[in-house]
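**Q** Give me coordinates for this.
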Amino acid sequence: MNKLVSKLGVAWVATALIGAASAAEYKLDISLDTGPTHIRNESIMKFADELKSRSGGKLDVRVFHGASKYKGGNVPTALAQGALDMGAPLHQHLSKIVPEAGAPLLPMFYGATPEENYVVWDGEVGKELNRRIESKLQVKIIGRYFDLGYGSVFTTKKMLRKPSDMQGMKMRVPGGAANVQRYKVFGANPVSIPFSDVPQALQRGTVDGIWSTQESVRSAKMWDSGIRYGFEDRQSYLQYVPMVSLSAWNSYPKDIQDLIINTWEDMVDQVRAVAGDRQLKARQIGAENGIETIDPNPKDLADMRAKLMAVQPEVVKALGIDPAFVAMTEAALARAR
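**A** The predicted structure follows:
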């Protein structure tokens, strides 16, 4: 009798495991280079949970954190090759392949508000950029971009009071030719380093500071790596582009495709709102851990923006951005203001 019960128990467990394995008919693997407590990761995890729930278990969604699968700069290529199902890269990580993706980082957006950015990138300009990205990378952009927040400057030893104080400093930038050019105008020496390698670079003195966000500094506890000062000059408003590789997208039936798009659209406004709150809270947490952040004089920012705008045509040419797309973007931004 005991042997019979034992055999039945084993059979039941085996059947349950087979049922659980077969319940998920489709998969969606997502790679992020930031840690699990970062706002991007938390947002994507909520998205993943919602997809699993709404699909009734038909879609198995796995999120890989901390560049455990791909570093940020490698995500677009992995998506293009079909080696990864989904990613949410920043525009600068896309600009090496699609030059127009560097437009949000051009001088015209220096100091632009989140609302001004939304008008531009949620509208026809954003749709045109999406078409170019989708065509070049063979991906499906599933909806509106979601926020990280303003990129600002953080340093280890020198407090900055105006952008020109970066003269001669080695500053980490996250890639993207527009970012590199901007820091050259500041007089700094830009160094491109993956985010996952930043703590070590700070500790070794490879760089004197970084261009990042309050939230990214908080999630990586950059105060432990030597960051002591923050300079909120609001160089550009950073957003992530949620995209699925076309090979994965075409493997889903229409009901799963619609589910992914509709779930994202239902969440994106809340995700944006939470990101804004998190940046403010992250600045407070940074202060509690010894980071002194200052807001620069508006006149100093206006003077720097004028210098940056003077070189924008040169930057656009160097980056290979379509001038017609730049003109379209400038017109939309002017209307937003």
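**Q** Which residues does stretch 102-115 contact?
**A** Contact partners of stretch 102-115, identified using C-beta atoms under 8 Å, 6 or more residues apart in numbering, comprise 91-92, 95, 117, 121, 129, 147, 176-179, 182, 234-239, 272, 276, 301, 304-305, 308-309, 311-312, 315-316, 319, 321, 325-326, 329-330, 333, 336. Backbone N, C-alpha and C define where each C-beta goes, glycine included.
**Q** what about burial for these, which qualify?
**A** The neighbour-count test (16 or more other C-beta atoms under 10 Å) marks 91-92, 95, 117, 121, 129, 147, 176-179, 182, 234-239, 272, 301, 304-305, 308, 312, 315-316, 319, 321, 325-326, 329-330, 333 as buried among the contacts of stretch 102-115.
**Q** and Gln279, that's in a strand?
**A** No. Gln279 sits outside any strand when classified using DSSP: H, G, I helix; E, B strand; the rest coil, being helix.
**Q** what about it, neighbour count?
**A** Gln279 has 21 neighbours, counted by other C-beta atoms under 10 Å.
**Q** Need the pLDDT of it.
**A** For Gln279, the pLDDT comes out at 91.
**Q** residue contacts, it?
**A** By C-beta under 8 Å, 6+ apart, Gln279 lies in contact with Gly149, Tyr150, Thr213, Gln214, Glu215.
**Q** Narrow these to those in helices?
**A** Per DSSP state H, helices hold the following members of the contacts of Gln279: Gln214, Glu215.
**Q** Just give me the closest of the contacts of Gln279 to Lys46.
**A** Nearest to Lys46 among the contacts of Gln279 is Glu215, at 15.9 Å by C-beta to C-beta.
**Q** what sits against the closest one?
**A** By C-beta under 8 Å, 6+ apart, Glu215 lies in contact with His38, Ile39, Leu148, Gly149, Ala275, Arg278, Gln279, Ala282.
**Q** check which helix or strand covers Asp300.
**A** According to DSSP states H and E, Asp300 maps onto helix 298-310.
**Q** pLDDT (mean, whole number) over that helix?
**A** Helix 298-310 shows a mean pLDDT of 89 in the predicted model.
**Q** what's the farthest-apart pair in the contacts of Gln279?
**A** Tyr150 and Glu215 (10.0 Å).
**Q** before we move on, back to that, so which elements touch the helix holding Asp300?
**A** Secondary-structure packing of helix 298-310 (3 or more C-beta pairs under 8 Å, 6 or more residues apart in numbering; DSSP states H and E): helix 177-186.
**Q** now the angle from the helix it packs on to helix 298-310?
**A** 120 degrees (axes from the mean of the first three to the mean of the last three C-alpha atoms, to 10 degrees).
**Q** For the nearest residue to Glu215 once chain neighbours are set aside, grab the count of nearby residues.
**A** With C-beta to C-beta, 6 or more residues apart in numbering as the criterion, Glu215 has its nearest non-adjacent residue at 4.5 Å, and that residue is Ala282. Neighbourhood size, Ala282 [other C-beta under 10 Å]: 20.
**Q** and what of Arg218?
**A** 23.
**Q** who's in contact with it?
**A** Lys281, Ala282, Ile285, Gly286.
**Q** ok, those residues vs Met243, which is closest?
**A** Looking across the contacts of Arg218 and measuring by C-beta to C-beta, the closest to Met243 is Ala282, at 25.8 Å.
**Q** buried sites along the helix or strand that contains the closest one?
**A** Using DSSP H and E, Ala282 sits within helix 254-288. Across helix 254-288, burial judged by 16+ other C-beta under 10 Å covers 256-257, 259-260, 263-264, 267-268, 271-272, 274-275, 278-279, 282-283, 285-286.
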